[in-house]
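Undergrad: The sequence isn't on hand, but the structure is:
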């Protein structure tokens, strides 16, 4: 535990002033409508009580991240393999997408949005309509025309680019990406957001002038993916992977090592070689690059990259004009990040068995301020806590909309601290017994590293001004 105290001049009659302010608190409170009150957030906490959740509503086994998200009311079961994403989770998703947008813009990515409902004809042209089989959700419209709910958009984006006519080589590389809801008819949905039938994914498709240029773009996007995980503070492993039904001859997965992971990873103890075990043609114990020992781990796949060559551009006629003004096929790549899977996997690897720990940059809210219990001695200084909240809003721009005031004063501070831990706020501020001291001292819990600071209001403001939000 780390303890620090910042002091400033305080009045000799602070307790009398606290009492006077308390009498006028209701008028002052209603004048600050911008306060974000926990009691007004949806859903109410503790929907599942304190009971242990071992299986989902449809009977599937759960893992730590699913159990914690259900207990905190972050997700609610809808039907097999599908969930309602509650407001806290949506906020985290939006922050993650913003972070990814920043990295994609830095490398020249352009955002699009393609229909989830795609024609069967596209999939039949690429010969994946039969190849993917039952994995596709298929349906017919009133005219008896076949469609599917797309799990990926190689066909759609290649047709889109081909429709534009010949691109100039000067316009390449072209990097188009989207963040949309995807569908896959999983035979056995499990582990909450880690393997469902409906999920959010960021998928990028690139078009280049040559194989060499396409592989340079491949490295560029892969590097951006690595920065995304670095900024999230998630330890990842980039492994050689099987292209599967996507195609191409070069593929890597971004894996988060975790016991619950469904992929077997083989990593060399002496060099940087790492591969998904399914890519190894034989059972090997030594590294194929340096003969070092291969160590097996489990991992959760959170990203996948593919060099596609001309597999799709040839089928759909995605061409560009070269420097001699001759039309040639564009070389393609595709790159995916599982948005909802990254959130769940982050919770899986960072959290304790009882408390959620988000990657801090995407935590739904950064700070929870817990008010004194009604009827307690500390309640007389409620206005000091409200003053701190309002000063945070007025003087720390990066915390706008990031601070929740837990106003459930009928509950003990300990109970609300437990709820704050379950929801995963990185910082929790409490008006404990030392709020009655002169000067008033607040307790600041840094949940992600277990540190506790005891600070004056001025000290709290100085500490939180240094929070990095990007």
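TA: Here it is on my side, so go on. Only a predicted model underlies this, so the values are computations on that prediction, with no experimental measurement involved. Numbers count the residues shown, from 1 in each chain.
Undergrad: mind showing which ranges of the stretch 201-350 of the chain have poor pLDDT?
TA: 247 (pLDDT under 70).
Undergrad: Skipping adjacent residues, who's closest to residue 443 in space?
TA: residue 430 (4.3 Å; C-beta to C-beta, 6 or more residues apart in numbering). Placement of C-beta: from N, CA and C, glycine included.
Undergrad: now do the same end-to-end measure for stretch 165-180.
TA: Start to finish, the residues bounding stretch 165-180 are 26 Å apart (C-alpha to C-alpha, to the nearest Å).
Undergrad: Could you list the buried residues of it?
TA: Buried residues in stretch 165-180, counting neighbours by 16 or more other C-beta atoms under 10 Å, are found at 166-167, 169, 172-180.
Undergrad: Filter those residues down to the ones in strands?
TA: Among the buried residues of stretch 165-180, DSSP state E puts 167, 174-180 in strands.
Undergrad: tell me the centre residue of this protein?
TA: By C-alpha atoms, centre = their mean, the chain has its centre lying nearest to residue 343, at 3.6 Å.
Undergrad: what about residue 224, distance to residue 438?
TA: The spacing between residue 224 and residue 438, counted by C-beta to C-beta, to the nearest Å, is 52 Å.
Undergrad: Neighbour count for those two, which is higher?
TA: residue 224 (21 against 13; other C-beta atoms under 10 Å).
Undergrad: Looking at the ones in strands among the buried residues of stretch 165-180, which is nearest residue 154?
TA: residue 176 (11.6 Å; C-beta to C-beta).
Undergrad: show me what contacts the closest one?
TA: By C-beta atoms under 8 Å, 6 or more residues apart in numbering, residue 176 lies in contact with 109-112, 157, 161, 204-206.
Undergrad: how near is the closest residue to residue 253 other than its chain neighbours to residue 91?
TA: Nearest residue to residue 253, sequence neighbours excluded (C-beta to C-beta, 6+ apart): residue 241, at 4.2 Å. Here residue 241 is placed at a distance of 32 Å from residue 91 (C-beta to C-beta).
Undergrad: How about residue 349?
TA: According to C-beta to C-beta, residue 349 stands 20 Å off from residue 91.
Undergrad: Looking at those two, which one has more neighbours?
TA: Ranked by neighbour count (other C-beta under 10 Å), residue 349 and residue 91 place residue 349 first, with 21 against 17.
Undergrad: Distance from the chain centre to the helix or strand encompassing the more buried one, please.
TA: Of the helices and strands defined by DSSP states H and E, residue 349 is found in helix 339-350. Relative to the mean C-alpha coordinate of its chain, helix 339-350 is positioned 6 Å out (C-alpha atoms, centre = their mean, to the nearest Å).
Undergrad: what angle do the longest strand along the chain and helix 339-350 make?
TA: In the chain, with assignment by DSSP E, the single longest strand is strand 294-309. If you take axes from the mean of the first three to the mean of the last three C-alpha atoms, to 10 degrees, strand 294-309 sits at 160 degrees to helix 339-350.
Undergrad: How many neighbouring residues does residue 237 have?
TA: With neighbours defined by other C-beta under 10 Å, the count for residue 237 comes to 17.
Undergrad: Who is residue 319 paired with across the strands?
TA: Assessed by DSSP bridges, residue 319 has beta-bridge partners residue 329.
Undergrad: That one and residue 328 touch, don't they?
TA: Yes - contact criterion C-beta atoms under 8 Å: residue 319 and residue 328 qualify, at 6.5 Å.
Undergrad: more crowded one of the two?
TA: Remark: of residue 319 and residue 328, residue 319 carries more neighbours, 20 against 16, as counted by other C-beta under 10 Å.
Undergrad: which ones are touching the more buried one?
TA: 162, 166-167, 313, 327-330.
Undergrad: possible to save those residues as JSON lines with distance to residue 467?
TA: JSON lines is the format used below for these (distance: C-beta to C-beta, whole Å):
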{"residue": "162", "distance to residue 467": "47"}
{"residue": "166", "distance to residue 467": "50"}
{"residue": "167", "distance to residue 467": "44"}
{"residue": "313", "distance to residue 467": "46"}
{"residue": "327", "distance to residue 467": "53"}
{"residue": "328", "distance to residue 467": "50"}
{"residue": "329", "distance to residue 467": "49"}
{"residue": "330", "distance to residue 467": "44"}
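Undergrad: Now flag whichever of those is closest to residue 67.
TA: residue 313 (44.7 Å).
Undergrad: Just give the number of residues close to the closest one.
TA: By other C-beta under 10 Å, the residues close to residue 313 number 22.
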